[in-house]
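1. Next input, structure requested:
(2 chains)
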Amino acid sequence: MSGNVDIGAVVELSVLAAKMVAQGIQAILNSKDLSEEEKAAHIQRIMAEQDQDTRDLDAMPVPAPTAPAR
Amino acid sequence: MRSAIVMAAIVWATACKTVDPMVASGEVMHDVTREVIDTGAVIFKACNDHALTREQCDAWATFVDKFKKGRALAIKTWRFAVLHEDAIEKGKATDIILALSAELGEFTSLALTLGAHTTPSPVVPGPSGGDL
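-> Next up, the predicted model:
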C-alpha cells in the first residue's frame, strides 16, 4: 500500500498505542473474576451486538470492484 | 507500527471490559467489526473522492469480502464454544478474528492518515453498495 505518510500522524498514533497498552495492563491488574450470572449477561449482550454488527456490516458501502480487463 | 496499533487496541478493548476468556473473545470480535465499519466509512468516501488509487479501493473491497466470510465463521465457532464451554473452539474463533485484524491494521492506518487531512462525512449506503 502506498501514499503520502504524515509523520506527525504516525508519531501521534505511536503515543496513542503506548497509552492504550498501559491502560489495558492497568485494567487487567484491577480486574476480578465474573460471577456466572455476570458472564451470562455479558454473553447475551455480545450475541445481540453480533447480530447488530452483522446488519451494520451488510449495510456498509464498499467500492465497486474494477471489472477485469479483457 | 500498524500491527502495534491494532494489537494495542485489542489489548485495551479487551482488558478495559473484562478478562473472562469467553467474554473477552466476543468483545474482541465486536471491537474489530466496529473498526472495520468505521474504517470502511473513511475509505469509501476517499474512494469516491478519488483520494485513493483504484488498487487501494479494490484491495479494501476484497478485504471486506474476506472479513465478512471469516467473521461469520468466527461467530459460528464462538457460539458453539459458548454453548459447549469449549475452550479450543473459542481459541479458534479468536485466532480467525486476530488474523483478520492484523490485515485490517493496514487499512485502519490508511484511514487514520486520511482522517488527519479530511473530516469523514456520514455515508448513506445505497441498495447497490457503491457508486464508483
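2. Okay, now the unreliable bits of chain B?
-> Chain B contains residues with pLDDT under 70 at B:1-19, B:116-132.
3. if you skip the residues just before and after it, what's nearest to A:D58?
-> Distances taken as CB to CB, 6 or more residues apart in numbering or on different chains place B:K68 nearest to A:D58, at 7.9 Å, with adjacent residues excluded. In this view, the C-beta of every residue, glycine as well, is placed from N, C-alpha and C.
4. these two touch, right, the one you found and A:M60?
-> No: assessed by CB atoms under 8 Å, B:K68 is found out of contact with A:M60, at 9.4 Å.
5. Overlap of the contact sets of the two?
-> Counting by CB atoms under 8 Å, 6 or more residues apart in numbering or on different chains, B:K68 and A:M60 have no common neighbour.
6. Please name the residues that touch A:T54.
-> Counted by CB under 8 Å, 6+ apart, A:T54 has contacts B:A72, B:I75.
7. List the buried residues of the helix or strand hosting it.
-> Assigned by DSSP states H and E, A:T54 belongs to helix A:36-59. Of all the residues in helix A:36-59, those buried under the rule 16 or more other CB atoms under 10 Å in any protein chain shown are A:K39, A:H42, A:I43, A:I46, A:E49, A:Q50, A:D53, A:L57.
8. next one: stretch B:47-61
-> Within stretch B:47-61, the residues scored as buried using 16+ other CB under 10 Å are B:C47, B:N48, B:A51, B:L52, B:Q56, B:C57, B:D58, B:A59, B:W60, B:A61.
9. any idea how far chain A is from the second one?
-> In this structure, B:N48 and chain A are 8 Å apart, going by CB to the nearest CB, to the nearest Å.
10. Could you do the third one as well?
-> With the distance defined as CB to the nearest CB, B:A51 ends up 9 Å from chain A.
11. Return the residues in contact with the nearest residue to that residue once chain neighbours are set aside.
-> Leaving out its chain neighbours, the residue that sits closest to B:A51 by CB to CB, 6+ apart is B:L114, at 6.5 Å. Applying CB under 8 Å, 6+ apart, we find B:L114 in contact with B:V42, B:I43, B:A46, B:A51, B:L52, B:P120.
12. Need the phi and psi values for B:D49.
-> Dihedral pair for B:D49: phi -80, psi 0, per degrees, to the nearest 10.
13. about what we covered before: quick check: which of the buried residues of helix A:36-59 are also close to chain B?
-> Near chain B, taking CB under 8 Å from any CB of the partner chain as the test, the members of the buried residues of helix A:36-59 found are A:K39, A:H42, A:I43, A:I46, A:E49, A:Q50, A:D53, A:L57.
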